[in-house]
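Asker: okay, sequence plus prediction incoming.
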Amino acid sequence: MAGLKTLAKDTAIYGLSSIVGRFLNYLLVPLYTAVLPASSGEYGVVSNVYSFTALMLVLLTFGMETGFFRFANKTDEDPMKVYANSLISVGGVSLIFVLLCLMFLHPVANLLDYGNHPEFIGIMAVVVALDSFQCIPFAYLRYKKRPIKFAAIKIFFIVSNIAFNLFFLLLCPWLNAHFPGLISWFYDPDYLVGYIFISNLICTALQMLFFIPELKGFAYRVDPKLLKRMVVYSFPVLILGLVGILNQTVDKMIYPFLFTDRQEGLVQLGIYNAASKIAMVMAMFTQAFRYAYEPFVFGKNREGDNRKMYASAMKYFLIFSLLAFLAVMFYLDLLRYIVNRGYWAGLSVVAIVMGAEIFKGIYFNLSFWYKLIDETRWGAYFSIVGCVVIVALNVIFVPKYGYVASAWASVAGYAVITILSYWIGQKKYPIHYDLKSIGMYVLIAAVLYVIGEQVPIQNVILRLAFRTVLILLFVAYIVKKDLPLSQIPLINRFIKK
């Protein structure tokens, strides 16, 4: 139980930074959807460019984040030597990437159909290179169990990014209308999307300053043998990561190209992405859990076999994922105001996107069996299968059904690889999951969701009150079955008194 308490504590801190950061980032969604009308397709441009940068981030880190955790936790390795080799390799690859992008900027921009704004590609190339390098110091903070600094840096980035976006998208237009002479030397009122990328670049560069203490005090020496072993271990993780991120972003990457009218594709993509932001509560929880769980698992593996603990972690992850699902769907009447009314047509995909996120979280929990036995190639196989499913379904159905097909394609892709990972994992590294209890939670959540959606209550306040009661019923079941109040320290002390 001590291990699970440590995991819960770290997850809470990482979760706080993730939830606060994502919540603050939500402030950008109403801003973007207000200044970038749905009919313009400009929010689709933002979604499309960021989907490519997400892919490049995985490519440039080439699995070294996971490789760092694996080798730093080996008893026969010097953690600082592992850290130095991780920094040198990722930093070197990122620098080469930036130089190549700037040398061939116009051809790359034309290939991605951004020939009119090649600087978009140049700016984001620098951003993704910096982000890639910073992944290693972030991993080092997690390894050293320093979640507070980790969280502080993450929140600083979000707050500063919001500030610069507000400056460029709200303050500058106001100044341009009333005091144009103050900003005319740098501000172009028609360059709104560009300022979103510029804001990201400024904040990413500022974030680097926080890592100065983590970048000194040790020798930067390449150990060829160690680096080779790390690359061999990490390469399948790279394939896993590449195909995994494609599973998340390929729809946004190819979406504009699936329509004869590219502008129509960008308009639909903007609506789809804006609506999907509401479902990101699930992604917040999954990410927070991952930040704490990955170093936790590798650290515990040094102590021996902890399969029972891994099974418990899976169960609690799914329980609280279902709770998050019910909360978002039952309060969608309020959450819809995160986006401008022009984007409300896409709200039908929120439940579907959250379902995909739940499968992704389950798959992440299952994935540790092949990492712990050093057979990471299985992750690559699963991800390739999932990517094929997602791409095929997008290409076949998106031209006819639009973004709803993209959402269902993600569910199908993650469901397939989840089943495959569980089936093969039980043969290679069997873990006894409490499937009966997990199934009951899924069934109860499904029943409550159907009741909440199907009971006709016209009054919004009464409808929200009714759905709140349903959520409380689910919480009561959790408390009764798996989280007795007597196990909560504060309440336990009160009971003893």
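Answerer: Now that the structure is in, tell me what you want to look at. Numbers count the residues shown, from 1 in each chain.
Asker: ok, how many other residues are close to the residue nearest to P256 when sequence neighbours are not counted?
Answerer: Nearest in space to P256, with sequence neighbours left out and distances taken as C-beta to C-beta, 6 or more residues apart in numbering, is G265 at 3.7 Å. The way it works is simple: take the backbone N, C-alpha and C, and place the C-beta from them, glycine included. Burial of G265 is recorded as 22 neighbouring residues (other C-beta atoms under 10 Å).
Asker: go on, M309?
Answerer: Summarising burial for M309: neighbours were counted as other C-beta under 10 Å, giving 17.
Asker: host element of it?
Answerer: helix 307-330 (DSSP states H and E).
Asker: cool, and Q426?
Answerer: helix 403-428.
Asker: state the distance from F197 to P399.
Answerer: 29 Å (C-beta to C-beta, to the nearest Å).
Asker: these two: which is more packed in?
Answerer: Neighbour tally, F197 and P399, criterion other C-beta under 10 Å: the higher count belongs to F197, 22 against 13.
Asker: I'd say the more buried one and V126 touch.
Answerer: No - under the criterion of C-beta atoms under 8 Å, F197 is not in contact with V126, lying 9.9 Å apart.
Asker: average pLDDT across the helix holding Q426?
Answerer: Averaging the model's pLDDT scores along helix 403-428 yields 90.
Asker: which ones are touching A109?
Answerer: With contact set as C-beta atoms under 8 Å, 6 or more residues apart in numbering, A109 has these partners: G115, H117, P118, F120, I121.
Asker: for Y449, what are its contacts?
Answerer: The neighbourhood of Y449, defined by C-beta under 8 Å, 6+ apart, consists of F325, L326, M329.
Asker: quick one: which of these is nearest D223?
Answerer: Comparing the contacts of Y449 against D223 with C-beta to C-beta places F325 closest, at 46.0 Å.
Asker: what's the local residue count around P236?
Answerer: Other residues lying near P236 total 22 when counted by other C-beta under 10 Å.
Asker: roughly how far does the nearest residue to A412 once chain neighbours are set aside sit from I245?
Answerer: On the basis of C-beta to C-beta, 6+ apart, the spatially nearest residue to A412 that is not a chain neighbour turns out to be V389, at 5.6 Å. Counting by C-beta to C-beta, the gap from V389 to I245 is 15 Å.
Asker: remind me which residues of this structure are low pLDDT?
Answerer: Under the criterion pLDDT under 70, the flagged ranges of the chain are 1-26, 281-306, 483-497.
Asker: top helix in it by residue count?
Answerer: Longest helix in the chain by number of residues (criterion: DSSP state H): helix 224-254.
Asker: for it, name the packing helices and strands.
Answerer: Here helix 224-254 is seen to pack against helix 42-61, helix 64-72, helix 79-103, helix 262-278, helix 377-401, helix 403-428 when contacts are counted using 3 or more C-beta pairs under 8 Å, 6 or more residues apart in numbering; DSSP states H and E.
Asker: so it versus helix 42-61, what angle?
Answerer: Note on geometry: by axes from the mean of the first three to the mean of the last three C-alpha atoms, to 10 degrees, helix 224-254 and helix 42-61 are set 160 degrees apart in direction.
Asker: specify the angle between helix 224-254 and helix 64-72 in degrees.
Answerer: Inter-element angle recorded for helix 224-254 and helix 64-72: 150 degrees (by the same axes, to 10 degrees).
Asker: and helix 224-254, how far from the chain's centre?
Answerer: Distance of helix 224-254 from the chain centroid (C-alpha atoms, centre = their mean, to the nearest Å) equals 16 Å.
Asker: show me what counts as buried in that helix.
Answerer: Applying a neighbour-count criterion of 16 or more other C-beta atoms under 10 Å, one finds 226-227, 229-231, 233-254 buried in helix 224-254.
Asker: what's the answer for stretch 461-472, then?
Answerer: Judged by neighbour count (16+ other C-beta under 10 Å), stretch 461-472 contains these buried residues: R463, R467, L470, I471.
Asker: one more: stretch 193-209?
Answerer: So stretch 193-209, judged by 16+ other C-beta under 10 Å, has buried residues V193, G194, Y195, I196, F197, I198, S199, N200, L201, C203, T204, Q207.
Asker: correct me, but the residue nearest to P256 touches K252?
Answerer: No - under the criterion of C-beta under 8 Å, G265 is not in contact with K252, lying 10.4 Å apart.
Asker: pick the one among the contacts of A109 closest to A279.
Answerer: Of all the contacts of A109, the one with the least separation from A279 (C-beta to C-beta) is F120, at 26.4 Å.
Asker: residue contacts, the closest one?
Answerer: When contacts are taken as C-beta under 8 Å, 6+ apart, F120 is in contact with V45, V49, A109, Y114, V193, G194, F197.
Asker: where's the last one, which helix or strand?
Answerer: Assigning secondary structure by DSSP H and E places F197 in helix 192-207.
Asker: who touches that helix?
Answerer: Outside of helix 192-207, the residues within contact range by C-beta under 8 Å, 6+ apart are 32, 35-36, 42, 45-46, 49, 117, 119-120, 123-124, 126-127, 130-131, 134, 153, 156-157, 160-161, 164-165, 167-169, 172, 188.
Asker: any idea how far V328 is from K216?
Answerer: V328 sits 43 Å away from K216 when distances are taken as C-beta to C-beta.
Asker: between these two, who's got more neighbours?
Answerer: Just comparing V328 and K216: by other C-beta under 10 Å the higher neighbour count belongs to V328, 19 against 8.
Asker: surely that one meets M280?
Answerer: No - with contact taken as C-beta under 8 Å, V328 and M280 are classed as non-touching, separated by 9.3 Å.
Asker: shared neighbours, the two?
Answerer: With contacts taken as C-beta under 8 Å, 6+ apart, not a single residue reaches both V328 and M280.
Asker: can you pull the contacts of the closest residue to G452 other than its chain neighbours?
Answerer: Using C-beta to C-beta, 6+ apart and skipping the chain neighbours, the partner closest in space to G452 is R467 (4.7 Å). Taking C-beta under 8 Å, 6+ apart, we find R467 in contact with F330, Y331, G452.
Asker: what number of residues lie near the first one?
Answerer: F330: 22 surrounding residues under other C-beta under 10 Å.
Asker: could you measure from it over to S199?
Answerer: Distance check for F330 against S199: by C-beta to C-beta, it reads 34 Å.
Asker: if we can go back for a sec, check contacts around the residue nearest to A412.
Answerer: Contact partners of V389, counting by C-beta under 8 Å, 6+ apart, are A409, A412, G413, V416.
Asker: again, but for P137
Answerer: Contacts of P137 by C-beta under 8 Å, 6+ apart are L87, F211, E214, L215.
Asker: OK, contacts around the second one?
Answerer: The reference is to F211. Contact partners of F211, counting by C-beta under 8 Å, 6+ apart, are Q134, P137, I153.
Asker: same question, L105
Answerer: By C-beta under 8 Å, 6+ apart, the contact list for L105 reads P118, I121, G122.
Asker: and which of those residues is nearest F62?
Answerer: Distance ranking of the contacts of L105 against F62, using C-beta to C-beta, places I121 first at 21.1 Å.
Asker: which one of the contacts of L105 has the most neighbours?
Answerer: Sorting the contacts of L105 by how many neighbours each has (other C-beta under 10 Å) puts I121 first, at 24 neighbours.
Asker: ok, so of the contacts of R467, who is nearest L60?
Answerer: Each of the contacts of R467 was scored against L60 by C-beta to C-beta, and Y331 proved nearest at 38.0 Å.
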